[in-house]
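> Pasting a predicted model and its sequence here:
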Amino acid sequence: MDAIKLLTQDHQTVRQLLTQLEETTTRAVKKRADLLAEIAVQLKAHTTIEEEIFYPAFKAAGDKSDDAMMYFEAMEEHRAAGDLVLPDLQNTPTDSEKFSGRAKVLKELVEHHADEEEKEMFKRAKKLMGAAELKTLGEQLEKRKAELVKQFKAEAKAAA
């Protein structure tokens, strides 16, 4: 699978999980906790493979200041969602109204980021990198993601 296809599928998975989370009520404590745990694993694995593999390849292939700007903006959006909003949500009681609001903010951040990547960065990546390079990157992303999902799930289980 090529890199763009894999990353786009990741976006769809996380969007669906966030939609399910948004549709829960304050009474769905266990469901919220389970969904949030899965969202955290998927988001951390996704952002890690982008930052370790895809973004550096994109930046190296880029030849314009716009490419570098896309790279740095994407990194900052990851930081906002993964280092600020997600941990804040994880520390919020799942039966509170604050949880609902923070879940909505995370969903909006992720959707904005995914939309931008799909409309701008991925289109540009297709022009900068050939099909063979995208396929090779996709294989690297897939392998690393499997390792990370396993690791993050084990860490979550140990922390619980």
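On my side now, so go ahead. Numbers count the residues shown, from 1 in each chain.

> Give the helix, strand or coil label for residue 25.
coil (DSSP: H, G, I helix; E, B strand; the rest coil).

> Repeat that for residue 92.
coil.

> Look up the pLDDT of the residue nearest to it when sequence neighbours are not counted for me, please.
Distances taken as Cβ to Cβ, 6 or more residues apart in numbering place residue 99 nearest to residue 92, at 4.7 Å, with adjacent residues excluded. Using the backbone N, CA and C atoms, a C-beta is placed for each residue, glycine as well. pLDDT recorded at residue 99 is 95.

> so where does residue 99 fall, helix or strand?
Under the criterion of DSSP states H and E, residue 99 resides in helix 97-116.

> just residue 41 next, same as before
Going by DSSP H and E, residue 41 is part of helix 29-49.

> After that helix, which helix or strand is next? Please name it.
helix 55-61.

> Can you spell out which helices and strands pack onto the helix holding residue 41?
Where contact means 3 or more Cβ pairs under 8 Å, 6 or more residues apart in numbering; DSSP states H and E, helix 29-49 is packed against helix 3-22, helix 86-90, helix 97-116, helix 131-159.

> Distance from stretch 12-27 to the middle of the chain?
How far stretch 12-27 lies from its chain's middle: 15 Å, per Cα atoms, centre = their mean, to the nearest Å.

> Tell me who's in contact with the closest residue to residue 13 other than its chain neighbours.
Distances taken as Cβ to Cβ, 6+ apart put residue 42 closest to residue 13, at 5.9 Å, once the chain neighbours are dropped. Applying Cβ atoms under 8 Å, 6 or more residues apart in numbering, we find residue 42 in contact with 10, 13, 14, 17, 149.

> ok, of those, which one's closest to residue 72?
residue 10 (20.8 Å; Cβ to Cβ).

> which parts of the helix or strand bottoming out on mean pLDDT in the chain are buried?
None of the helices or strands of the chain scores lower by mean pLDDT, DSSP states H and E than helix 65-78, at a mean of 91. In terms of neighbour count (16 or more other Cβ atoms under 10 Å), helix 65-78 has its buried residues at 67, 70, 71, 74, 77, 78.
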